[in-house]
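Q: Build me a model from this:
(one chain, ligands or ions: 1)
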Amino acid sequence: MLKQVLIAIITAALAFGLFNYMDTQVPEGVTEVWSARILDTALRTNGKIILSLHNFGMHGGVSWFTRKMVDVVLTTMITGSPFGLGSDPELEIHDTIYDGVAVRVYEPTGVPKQNRPVLVYYHGGGWSWLSVDVYDQATRELAKRVKMVVVSVGYRQSPEHAHPIPFEDCLKATEYVIENADKLGIDAKRVAVSGDSAGGHLSAAVSLRLKKKIKIQIPIYPCLQLLDLQTPSYIENKQYIPGMLNDVSMLTYWLNYGNISYDYIDKILANEHTSPELKSSKYAKYISPEWYMKEHIRTENLRSMDKKTNFGDKKLSESIEKTLLDPYFAPLMADESSLKDLPFTYVLTAGYDVLRDDGLIYYQRLLKAGVKVKLAHYQDGFHGMIFFFKGPMPFQVGIRAMNDLCEFLKKEL
Ligand SMILES: *[C@@H]1O[C@H](CO)[C@@H](O)[C@H](O)[C@H]1NC(C)=O
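A: Got it, this is the predicted structure:
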């Protein structure tokens, strides 16, 4: 009897602990509450393991093993299997090298191998994590539904390979596609680039370099600047599905990519990494509250923000300024004259994402620069949603975002 009572008490305590641990804040409008909790809990646990490894001296917690662990966990949640998908009669898939860069190529079967449109895709994962494998389901879907070639780029990752190496790898692979279009059976006039999160950043950076050689660019909830981590979206969204992305994890990715020390995490989160001079410079104006889209900010008092400029660590600011202001490191640091030649741009943003305002500011700045630009904003969207358009835990908002994206590409590419 006593034994049963003890077991009952222990079970209840464990269930209670687990329930509390799984108590994720889910975006309003997202009905798949338990999927969101499972997703967040799994990724948050991964994040804790990685952070503890960092504290034990493994830089950023990045290693072959931890990368594999994150890949397997996410692949299982996306496809239902830790091994991912098998072969597909509608696609020819092969891995190869374009100008020294590893790529995976998806070609829809039954489409003549000439003059085909192509999407070059840069996967997300903070320039440090994930792989073409994790994106396999999404890149297959795009290739099949739009009937285009997809080239998924396995660029080298940070912190081992800091900026500009991931960018240069993406650039090389993309230029290879353009220069060898005939040989590859591709129409050089119908080249699109896209990517999500860090890949959205890479899409914006590559487009800034290649301009109109690209027909369409599609940055999906991109990260675009490291000057201000106190935008309304960083403030109001960091607690939603934080395992996928939050202010601290996003910052560690920037630090990996920029080869900047983790010692400055607290300072950067508080915007103390920019000097008063930098806070009053033209660069700060590129991302200032005048660009905010107030209709997409949920918290009343964040709609009219007053940015203080009279604080900041001048020494730290000067030591990292060159990186922070490089438009290939932070595409929102580009001036209007270099933005104006960008290709047709489809900016996809999510309402409950710390990066929402990076994307919305980018949209506003392109609009002002006279670029042809379309905004696909999902009020109930969250970071990473584009993975979950099918599989064991589909989200309605992920399905909608993928449908809209495919329809757009079918029509415009
Ligand atoms: C990062 O910077 C240090 C010097 O500050 C340099 O020695 C190191 O090679 C850099 N790492 C990468 C990956 O670029």
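
Q: When you work out contacts or count neighbours from here on, use the C-alpha atoms and nothing else.
A: Fine.

Q: Quick one: neighbours of whatever residue of the stretch 201-350 of the chain ends up closest to the ligand, just the number.
A: Nearest residue of the stretch 201-350 of the chain to the ligand: residue 259, at 5.0 Å (C-alpha to the nearest ligand atom). Neighbours of residue 259 under the rule other C-alpha atoms under 10 Å: 17.

Q: Not counting residues beside it along the chain, what's closest to it?
A: Leaving aside its sequence neighbours, residue 259 sits nearest to residue 162 (C-alpha to C-alpha, 6 or more residues apart in numbering; 5.9 Å).

Q: That neighbour against residue 257, yeah?
A: Yes - using C-alpha atoms under 8 Å, residue 162 is in contact with residue 257, at 4.7 Å.

Q: Neighbour count: these two, which is higher?
A: Between residue 162 and residue 257, residue 257 has the larger neighbour count (other C-alpha under 10 Å), namely 24 against 20.

Q: other SSEs contacting the helix or strand that contains the more buried one?
A: With elements taken from DSSP states H and E, the one containing residue 257 is helix 247-258. On a contact count with 3 or more C-alpha pairs under 8 Å, 6 or more residues apart in numbering; DSSP states H and E, helix 247-258 meets helix 265-269.

Q: at 7 Å what do you get?
A: Using 3 or more C-alpha pairs under 7 Å, 6 or more residues apart in numbering; DSSP states H and E as the contact criterion, no secondary-structure element is in contact with helix 247-258.

Q: So what touches it?
A: 126-128, 158-159, 162-163, 234, 238, 261-262, 323, 354 (C-alpha atoms under 7 Å, 6 or more residues apart in numbering).

Q: Spell out which parts of the stretch 251-400 of the chain neighbour the ligand.
A: Residues of the stretch 251-400 of the chain lying close to the ligand (C-alpha under 6 Å from any ligand atom) are residue 259.

Q: Residue of the stretch 1-150 of the chain nearest the ligand, please.
A: Nearest to the ligand in the stretch 1-150 of the chain, going by C-alpha to the nearest ligand atom, is residue 59, at a distance of 11.0 Å.

Q: any idea of the pLDDT on that residue?
A: Looking at residue 59, its pLDDT stands at 82.

Q: Also residue 46?
A: On pLDDT, residue 46 comes in at 88.

Q: Look up the closest residue to it, ignoring the ones flanking it.
A: Spatially, and ignoring its direct neighbours in sequence, residue 46 is nearest to residue 70 (6.8 Å; C-alpha to C-alpha, 6+ apart).

Q: For the residue sitting nearest the centre point of the chain, which residues are in contact?
A: Centroid-nearest residue in the chain, with C-alpha atoms, centre = their mean: residue 197, separated by 0.9 Å. The neighbourhood of residue 197, defined by C-alpha under 7 Å, 6+ apart, consists of 124, 220, 221, 222, 223.

Q: Now intersect these with the strands, please.
A: If you go by DSSP state E, the contacts of residue 197 have residue 220 in strands.

Q: If you rank the contacts of residue 197 by neighbours, which is first?
A: In the contacts of residue 197, the most neighbours by other C-alpha under 10 Å go to residue 221, 34 neighbours.
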